[in-house]
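> Sequence and predicted structure below; questions after.
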Amino acid sequence: MAKKRDVYYELKKHGTNAERKINKKIQDSLNKKEIIELASLYSNQIAPQIKRNQEIVDSLSIALNFPTKKDVANIAKMTVQLEEKLDKLDETLTSLFQKNPQINMANNKTSADERKKRLKKILLTSLFSGDNANEMGNLIGKAKI
Amino acid sequence: MEKRKSNPKKASRLQSFLDIKNQEMPQIGMTPRVAVWKKNKATLWHYPAKKKRYSVPIVIVYSLINQPYIFDLGPGNSLIEAFGKEGYDIYLLDFGIPGYEDGNISLDEYILDYIQKGVQRVLRHSGAEEITLLGSCIGGTLAAMYAAIAEEPIKNLILTVSPIDFESVPQFDQWTEALREGRVSFDEILDVFQIVPAKAVKSGMRLMTSPVYVSPLLSLLYRADDEEYVKRWRRFNAWTNDHIPLTAGTIKQMADDLIIGNKLIKGTLKIRGKKAKLNKIKANLLVIASQSDRLVPKAMIDPIMGAVSSTDKTLHLLESGHAQMHYDDTLPTYYKEWLPERSGPIGP
């Protein structure tokens, strides 16, 4: 009851009610097909004009040697393509390590030489089969690669 | 003068209200987190549990028009913090702020190149066998679309105030009708601009909800002497004014597939050529709707209950409005009661 006598409470209560009524009136007055049709008509009129202006700027950019927003966007898109390629590489490596659990590059307990040997074995068995892998392994071993 | 003396609290409350703008803005989003994957503007954040008690991590997908920090407004004002305290590992997919160069990103891209890839990253990073997917607002609509085509193991699907059935929209039905009749189209202007700026998104959302928006200020005035309330209000107010741009591709697909075609509930939706039928969803389903939600009323949400194949499904009705602020550091009862037994408890 004490709260109800509070002037701020009354202000909040009546203000919120008034706001609701005003909002409904605004929304009802705008909720007409003619308004959205007019907006659509206007946007369809100005869109070709803006497009023409953009094309003019594109042409000017060649002559005056400045980059347009489209050029910047193209570079950004190429960066995303690069990210996707790296992601794919990352996924391939992860799947390779999952299929060959004996190799774990992140295992710090394994020495660098040991990791190198294991990686060599995986790569050789992935690239060559059976005797060829052993032969290549011996050649690589002799050449101390 | 007498009047002020007789009611000193009233004077101090008004003074407190007037002083608020001079006070330092409280910090937002303080729960510790680590970025585990980034793509374009998107980031997949990991909020590790204080003491992990569940094996199934939660992946949060949020709306495309607001910032996802509504889930982590501040200490004691954060759903993510509350989940972490309960022992859940949380991942949040933040789509970031799109620019002109992202104009062609549509719902298909968001679902396959961001949500699906993000979920795959979560499974890899967490080592979990299954996930809980939590989508809020349009993020929930995207989560449902993804769940309908997902090859990844989704154990639980939680949708909060997420529109699924667009048959009857609550506001501006005449505009929707004109769109459906094909009498209006904004494709040409969208193609020219490629992006709808955040300010225009904000104006559009305000028009849909509250063109005149003074009641939050009246609420602040009423409780201006409550320091904690003022902090929470300011964080929430910052969020309500912090919209993000929408890409042309997204708006066009939303208009064609959802508002005009209502394809998700009708089962005719295709995501990059792949049929996305809700009856493919078998995950345990928790759907949350709000009784006072003027933007996404219950009628737009609950048809999903009959459209999925899930045998374990619950609809929970809240009394709040559309935007749900988390008021303390404990989980809401509906999560506390529903989620633990479905999240693979590990130890006490």
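Cool, the structure landed.
> Run through the residues that contact residue 67.
Going with chain A. Neighbour list for A:Pro67: A:Ser61 [criterion: CB atoms under 8 Å, 6 or more residues apart in numbering or on different chains]. In short, each C-beta sits where N, CA and C put it, glycine included.
> you looked at the wrong chain, it should be chain B
Taking CB under 8 Å, 6+ apart, we find B:Gln67 in contact with B:239, B:242-244.
> which of the residues you listed count as buried?
For the contacts of B:Gln67, a burial check counting by 16 or more other CB atoms under 10 Å in any protein chain shown picks out B:239, B:243-244.
> on that earlier part again, tell me which entries of the contacts of B:Gln67 lie within helices.
Among those, the residues falling in helices (DSSP state H) are B:Trp239.
> Tell me the one of the contacts of B:Gln67 nearest A:Ile56?
Of all these, A:Ile56 sits closest to B:Ile244, with 30.6 Å by CB to CB.
> Including pLDDT and distance to B:Glu177, could the contacts of B:Gln67 go into CSV?
Formatted as CSV, the contacts of B:Gln67 follow (pLDDT from 0 to 100; distance: CB to CB, whole Å):
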residue, pLDDT, distance to B:Glu177
B:Trp239, 94, 32
B:Asp242, 95, 32
B:His243, 96, 26
B:Ile244, 96, 29
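> quick one: which of the contacts of B:Gln67 is nearest to A:Lys33?
Lowest distance from A:Lys33 to these (CB to CB) belongs to B:His243, with 27.0 Å.
> who's B:Val34 bridged to?
B:Val34 has these beta-bridge partners by DSSP bridges: B:His46.
> Quick check, it in contact with B:Trp45.
Yes: checked against CB atoms under 8 Å, the pair B:Val34 and B:Trp45 is within contact range at 7.1 Å.
> Pick out whichever of these two has more residues nearby.
B:Trp45 (20 against 10; other CB atoms under 10 Å in any protein chain shown).
> From B:Asp328, how far off is that one?
B:Trp45 is 22 Å from B:Asp328, where distance means CB to CB, to the nearest Å.
> dump the residue contacts of residue 55.
Just so you know, I chose chain A. The contact partners of A:Glu55, by CB under 8 Å, 6+ apart, come to none.
> oops, I was thinking of chain B
B:128-129, B:343-346.
> Surely B:Asp293 touches B:Val161?
Yes: applying CB under 8 Å, one finds B:Asp293 in contact with B:Val161, separated by 5.8 Å.
> Which one of these two is surrounded by more residues?
Set B:Asp293 next to B:Val161 and count neighbours by other CB under 10 Å: B:Val161 wins out with 28 against 21.
> which of the contacts of B:Ser55 tops the neighbour count?
Ranked by neighbour count (other CB under 10 Å), the contacts of B:Ser55 have B:Ser343 at the top, with 24 neighbours.
> At the contact with chain A, which residues of the stretch 51-200 of chain B appear?
Within the stretch 51-200 of chain B, the positions lying close to chain A (CB under 8 Å from any CB of the partner chain) are B:99-103, B:113, B:117, B:120, B:124, B:171-175, B:177-179, B:183-186, B:188-189, B:191-194.
> Isn't B:Gly321 up against B:Ser290?
Yes: here B:Gly321 reaches B:Ser290: they are 6.0 Å apart, a contact under CB under 8 Å.
> of the two, who's got more company?
Ranked by neighbour count (other CB under 10 Å), B:Gly321 and B:Ser290 place B:Ser290 first, with 22 against 16.
> Now the phi/psi pair for that one, please.
phi -120, psi 130 (degrees, to the nearest 10).
> beta partners for it?
With beta bridges defined as DSSP bridges, B:Ser290 has these partners: B:Leu318.
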